[in-house]
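Asks: sequence and predicted structure, then a few things I'm wondering about:
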Amino acid sequence: MQIDTQISRVKIDQTQCFAESGLRTSLEIARVFYQNSVRMGIEAISTIVAEGRQMLDARRGSTAIQNISFARSASPQKQLVTTSMPQSRPKIDWDPGYVNINWEMGGVDIRWNVGRMEAEYEPASMNIFLRQKPSIEITVEDGIVLDFPLPRTGVGDSVDVVR
């Protein structure tokens, strides 16, 4: 049996939606800045030429200086525009992919490599030792030392000393 597959893919292009919202790619931003700078340069040159022509007319008694200062002091009118965002839909492309299964009727050929398991086992060990045997040492004022080993029968054993 042979199986050949290709996964499905979905491509969503939101470039137009982002452009309508004011979000642009870096190349688009560079292109818009270039176009705006060329337009603003041409407008500035034409304004300077027009003001120069008006100043030539000022010698003949016109009010060119007043007109130029009024035009420069007036702010352009602002316009309020409302719209729904985004206006266009994103482009969605879909590749469904495929699964091709080829098989031949007949016997089954199974190849199986039997591996060998290796394990190391170390049994647990415990070392118990007695550091000191339990005992009681009693010293009397005369210098006599009495040593009584305690029996190992349990906790709470007592030794009776008789004189």
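Replies: Received it, and whenever you're ready, just let me know what you need.

Asks: what residues sit buried inside the longest helix belonging to the chain?
Replies: The longest helix of the chain (DSSP state H) is helix 26-58. For helix 26-58, the neighbour count (16 or more other C-beta atoms under 10 Å) marks Gln54 as buried. Just so you know, the C-beta spots here come from the backbone N, C-alpha and C atoms, and that holds for glycine as well.

Asks: C-terminal to it, what's the next element?
Replies: helix 64-73 (DSSP states H and E).

Asks: any idea how far the following helix or strand past that following helix is from the chain center?
Replies: Heading C-terminal from helix 64-73, the first helix or strand you meet, by DSSP H and E, is strand 91-95. Relative to its parent chain, strand 91-95 has a centroid offset of 26 Å by C-alpha atoms, centre = their mean, to the nearest Å.

Asks: relative to strand 91-95, what are the paired strands and their orientations?
Replies: Strand 91-95 has the following strand partners under DSSP bridges: strand 9-13 (antiparallel).

Asks: can you spell out which helices and strands pack onto the very next helix or strand once past the partner strand?
Replies: Next along the chain after strand 9-13, taking DSSP H and E as the criterion, comes helix 15-20. If you count contacts as 3 or more C-beta pairs under 8 Å, 6 or more residues apart in numbering; DSSP states H and E, helix 15-20 packs onto no helix or strand.
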